[in-house]
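**Student:** Structure for the following, please:
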Amino acid sequence: MSLRADTLVLRDGRRVEGTLVSVRDDVIEFDGQRGPFGGRERLRLDRDDVVRIELDRYANRSGDRFDRDRDRERDRDRDRERDDARRGRPSGLRERDVSVDSWTAWKDTGVDVRAGQMLYFSATGRVRWGPNRQDGPQGEPNSPRNDSRPIPSRPAAALIGRVGEGTEYFFIGDDDGPIRMRSGGRLYLGVNDDYLRDNTGSFRVTVYY
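**Tutor:** All right, here's what the predicted structure looks like:
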């Protein structure tokens, strides 16, 4: 049974009104009725993109589970801080969290970089990019060369990057960095695949810059 919800508050500051459908497996399903999405649309959002759910009428088990998920997120944040120290990532870097959908050619991160700048990445998640094919940010191990992919010789479905509107792509995969930027401009992230329409899933990426 669907649960009434007043507002879905997103990490980027947007608020969407509608009906909460479910919260499970780190995915929030929500029927948006008004707001930036327009009309009525079934949304499937990663819980990391949602700050909170403001229920309209009553508390419920799904809401309680969401609270537990937020507690786990705080634990992961602390783990990430310890991980930063262990990996030697410089302190004082800015962070940008990005959801890279596997069916979208390029995701605008909103980050402008300069030539020679060192970037660090942290990526999780899995994408389905073909029948019985599902991989994390590192892509498919030992995948054959495919000249139709953005980076033909690198693993299929891996996390990749681009600066500006050019075609000089760079491989990220599960590499934490540092990765030196060869040119300056807007940073885009994508998936190293030649056919995106049948893809599902997303990578959750933090850019340190």
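
**Student:** in this structure, which ranges drop under the pLDDT threshold?
**Tutor:** 1-6, 33-40, 56-88 (pLDDT under 70).

**Student:** switch to 80 and redo it
**Tutor:** Scanning the chain for pLDDT under 80 picks out the ranges 1-6, 25-26, 32-42, 48, 55-88.

**Student:** Show me it divided up by domain.
**Tutor:** According to automatic domain parsing, the chain comprises the domains 3-85, 95-208.

**Student:** At which residues are the helices of the protein located?
**Tutor:** Secondary structure of the chain (DSSP state H): helices at 61-87.

**Student:** quick one: the most centrally placed residue in it and residue 176, what's the gap?
**Tutor:** Taking Cα atoms, centre = their mean, the centroid of the chain lies closest to residue 99, which sits 2.0 Å from it. Residue 99 is 19 Å from residue 176, where distance means Cβ to Cβ, to the nearest Å. In this view, the C-beta of every residue, glycine as well, is placed from N, C-alpha and C.

**Student:** Next: residue 15.
**Tutor:** Following Cβ to Cβ, the distance that separates residue 15 from residue 176 is 34 Å.

**Student:** between the two, which one's more packed in?
**Tutor:** Applying other Cβ atoms under 10 Å to residue 15 and residue 176 shows that residue 176 carries more neighbours, namely 17 against 14.

**Student:** among the domains of the chain, which is the most enclosed?
**Tutor:** Most buried of these by mean neighbour count (mean count of other Cβ atoms under 10 Å) is domain 95-208; its value is a mean of 17.

**Student:** Convert stretch 18-29 to PDB, retaining C-alpha atoms only.
**Tutor:** Extracted as PDB, the C-alpha positions of stretch 18-29 are listed here (Å, rounded to 0.1, in the frame of the first residue of the first chain):
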ATOM      1  CA  GLY A  18       3.600  13.500  -3.900                       C
ATOM      2  CA  THR A  19       3.200   9.900  -2.600                       C
ATOM      3  CA  LEU A  20       5.900   7.700  -1.000                       C
ATOM      4  CA  VAL A  21       5.700   4.200  -2.600                       C
ATOM      5  CA  SER A  22       8.600   2.400  -0.900                       C
ATOM      6  CA  VAL A  23      12.000   2.600   0.600                       C
ATOM      7  CA  ARG A  24      14.100  -0.500   0.000                       C
ATOM      8  CA  ASP A  25      17.500  -1.600  -1.100                       C
ATOM      9  CA  ASP A  26      18.900   2.000  -0.900                       C
ATOM     10  CA  VAL A  27      16.300   3.100  -3.500                       C
ATOM     11  CA  ILE A  28      13.300   5.400  -2.800                       C
ATOM     12  CA  GLU A  29      10.300   5.100  -5.000                       C
END
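
**Student:** chain center to that stretch: distance?
**Tutor:** 17 Å (Cα atoms, centre = their mean, to the nearest Å).

**Student:** cool, stretch 189-203 as well?
**Tutor:** Centroid separation between stretch 189-203 and its chain, computed with Cα atoms, centre = their mean, is 12 Å.

**Student:** Over to stretch 11-23?
**Tutor:** Distance, stretch centre to chain centre, for stretch 11-23: 17 Å (Cα atoms, centre = their mean).

**Student:** One more: stretch 138-155?
**Tutor:** Put simply, stretch 138-155 sits 21 Å off its chain's centre (Cα atoms, centre = their mean).
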